[in-house]
Every structure is written in structure tokens, then in C-alpha cells.
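Q: Got a predicted structure here, sequence first:
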Amino acid sequence: MDAILTNSALVPRTILHPVCTVTSTSSAPIASLVPRYSKNLFLASRTQRRTPWVCNTTYTAPKFSITCGAITEINESQFSDVVLKSDRPVLVEFVANWCGPCRLISPAIEWVAQEYGDRLTVVKIDHDANPGLIEEYKVYGLPCLILFKNGQEVPESRREGAITKEKLKDYVNALLEAASVA
């Protein structure tokens, strides 16, 4: 048995084993996810150390929404009506809650929705909640921007990854010019 010397006396040192495992999809500190009544997370007795009791508790934090003021978040059931049957061009942004670049360009996409609101509809689709659309349109990177016009994906309109506001403005202007010519 291990021992430590304290005030000239030998005091047995016990090895502490974790009792409870907490996993989360949240970015909150793990201490805030553990229930208050389970502050004592360790076993100390020798018998319990041989056969530790482990409580595998999984905590799933509520997901937050990425929706913004001028942007509508849609799902698979709304896709046909909102995007494919629209009478004007629709810029679709595929995003996910866990995607850092998606959150990074969110203000720029909001700006596009407000700036081009008279000529363009902007919608967001959650990657995790809509696997059918992800598979159908082969979205491999996030964020992914695709322009649709007359129910069809505009050729050369797909763009994946983060983008600056200036490049996004050039991208949208070029797409709208190409869409108006076609």
C-alpha cells in the first residue's frame, strides 16, 4: 500500500477511482453538467476499488438554433416548397451547430439576406437534422452555399468553407448576374 509521511506519522494514501462519467454535446464546463447531489465522485474503500461501480451517465445539452432575423431555417419537408418552387433565386446555406466556420460567416450571410432581400431568398439547412438533403446534394464540407434558380442548382454556384464578407459580396453578385443571364 502506498503511504505518505504527514507530521511524522504514516498515513495510508488511497487511490481514488472515478465513479461517474459525464459526456456532453455542450461547450459548457463539465462541472456545470454534473448534478448537485453527486459532488462525491470518487470511491475510497479497498473493496470498492477492486470492483468499482461506474455510473455511465450521458448528458445531452439542448441544441441551440442558428436562425437569424432575415434568414429562414428550413428542413427536408419544406425544401421543395421554399427552394425548388421559388420564383426567385434561393441561396441555401448548409450549416451545423458544432461548425466553427458556420458561426464565423453567419453575420455575413445575415448581411446578404438583408442587402439582397429584394432579389434573393436566403435559407439555412441544419446538416445534422436533414441527412436526406445532405446525401442528395452531396454536401461534404461546411458551411456549404448553393444557389438554386427555377428548381435547379445553378452550375458553378457551390462554395464550401468560410468566406469573408467582401468575397461573399463578389460571389453573390457574380451568381446573380449569371442567374439573370441564364
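A: Now that the structure is in, tell me what you want to look at. Residues are numbered from 1 along each chain as shown.

Q: going forward, measure contacts and count neighbours with C-alpha atoms only.
A: OK.

Q: Quick check: residue 105 vs residue 151, distance?
A: 25 Å (Cα to Cα, to the nearest Å).

Q: let me redo that: residue 99
A: 28 Å.

Q: Of these two, which one has the most company?
A: More neighbours surround residue 151 than the other of residue 99 and residue 151, with 18 against 12 (other Cα atoms under 10 Å).

Q: Which residues are in contact with the more buried one?
A: 83, 84, 85, 86 (Cα atoms under 8 Å, 6 or more residues apart in numbering).

Q: quick one: contacts of stretch 119-126?
A: With Cα under 8 Å, 6+ apart, stretch 119-126 has contacts from 67, 70-75, 88-97, 112-113.

Q: Buried among the residues you listed? Make that a ChimeraX selection.
A: Selection command for ChimeraX covering only the buried members of the contacts of stretch 119-126, criterion 16 or more other Cα atoms under 10 Å:
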select :67,70,71,72,73,74,75,88,89,90,91,92,93,94,95,96,112,113
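
Q: mind showing which ranges of this structure have poor pLDDT?
A: 1-69, 181-182 (pLDDT under 70).

Q: now the helices: where do they sit in it?
A: Taking DSSP state H to define them, one finds helices in the chain at 30-33, 46-50, 76-79, 100-115, 131-136, 165-181.

Q: Tell me which of those is the most buried.
A: helix 100-115 (a mean of 17; mean count of other Cα atoms under 10 Å).

Q: Packing partners of that helix?
A: strand 121-126, helix 165-181 (3 or more Cα pairs under 8 Å, 6 or more residues apart in numbering; DSSP states H and E).

Q: Dump that helix to CSV, restricted to CA.
A: Provided in CSV are the C-alpha atoms of helix 100-115 (Å, rounded to 0.1, in the frame of the first residue of the first chain):
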residue,chain,number,x,y,z
GLY,A,100,-17.0,26.9,-36.2
PRO,A,101,-16.7,28.4,-39.7
CYS,A,102,-20.5,28.3,-40.0
ARG,A,103,-20.8,30.5,-36.9
LEU,A,104,-17.9,32.7,-38.3
ILE,A,105,-19.7,33.6,-41.5
SER,A,106,-23.2,33.8,-40.0
PRO,A,107,-23.1,37.6,-39.7
ALA,A,108,-22.0,37.9,-43.4
ILE,A,109,-24.8,35.6,-44.5
GLU,A,110,-27.3,37.7,-42.5
TRP,A,111,-26.0,40.8,-44.2
VAL,A,112,-26.5,39.2,-47.6
ALA,A,113,-30.1,38.3,-46.7
GLN,A,114,-30.8,41.9,-45.7
GLU,A,115,-28.8,43.5,-48.6
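
Q: That concludes my questions; thank you for your assistance.
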